[in-house]
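next comes the sequence, and after it the predicted model I'd like to discuss.
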Amino acid sequence: MSPEEIVNKMMAKDHFSQLLGISALETKTSYSKLSLIITKNMLNGFGIAHGGVTFSLADSALAFASNSKGRKSVSIETSISHIISLKEGDEIIAEAICETETEKLGHYKVTVVLKNDNNKCVALFKGIVYKTSKEWD
């Protein structure tokens, strides 16, 4: 199964990513690039995007990138640093890349940028996944 087929299969059942309006822009082996537009429903009490939205986009990018090689993988540790606040209408792009991996673990870096502001970095996310023995079929 190709990386694109795996992501399409995952996205078909990923109701939360669908709810957020996440779009897959590019998928390759150990790589994923996603986008999302901040809507009014994603704003917190300060009128800026809730940090969970950026986290969720980055987490989905991690999931798609780490599963793209064909083995079902699940996150075991994640963290994010929020750098710049976001407002309604902002389009953000998350790009996940595998930095290192072993037989059972993968370490990924996800950079989230603001598309409508010259790809300025708005958040940095790291994730470690456990690669199960189950294959995508």
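Nice, thanks for sending it over. As the structure is a prediction and not an experimental result, all values here were calculated from the model. Numbers count the residues shown, from 1 in each chain.

what is the neighbour count of S79?
Neighbour count for S79, taken as other Cβ atoms under 10 Å: 11. Backbone N, C-alpha and C define where each C-beta goes, glycine included.

next one: K109
Neighbours of K109 (other Cβ under 10 Å): 17.

name the helix or strand for the residue nearest in space to the middle of the chain, please.
Using Cα atoms, centre = their mean, the residue of the chain that lies closest to the mean C-alpha position is A61, 2.1 Å off. Assigned by DSSP states H and E, A61 falls within helix 51-67.

what's the longest strand in the chain?
strand 120-135 (DSSP state E).

partners of it in the sheet?
Partners of strand 120-135 in the sheet, by DSSP bridges, are strand 71-82 (antiparallel), strand 105-114 (antiparallel).

and the angle from the first one to helix 51-67?
Following axes from the mean of the first three to the mean of the last three Cα atoms, to 10 degrees, one obtains 150 degrees for the angle between strand 71-82 and helix 51-67.

what's the next secondary structure element after strand 71-82?
Moving toward the C-terminus from strand 71-82, the next element (DSSP H and E) is strand 91-101.

wait, V53 sits on M42?
Yes. Here V53 reaches M42: they are 4.7 Å apart, a contact under Cβ atoms under 8 Å.

who touches both of the two?
Common contacts of V53 and M42 (Cβ atoms under 8 Å, 6 or more residues apart in numbering): L20.

how far off centre is the longest strand of the chain?
Chain-centre distance of strand 120-135: 8 Å, with Cα atoms, centre = their mean, to the nearest Å.

buried set for that strand?
122-123, 125-129, 131 (16 or more other Cβ atoms under 10 Å).

which one of those residues is nearest I38?
V122 (10.4 Å; Cβ to Cβ).

pretty sure that closest one is touching L86, no?
Yes. Because the distance of 6.3 Å satisfies Cβ under 8 Å, V122 is recorded as touching L86.

for the two, list the residues in contact with both.
With Cβ under 8 Å, 6+ apart as the test, V122 and L86 both reach 54, 92, 114.

save these as TSV, and put in pLDDT and distance to E101 too.
TSV is the format used below for the shared contacts of V122 and L86 (pLDDT from 0 to 100; distance: Cβ to Cβ, whole Å):
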residue	pLDDT	distance to E101
T54	98	25
I92	98	26
L114	96	29
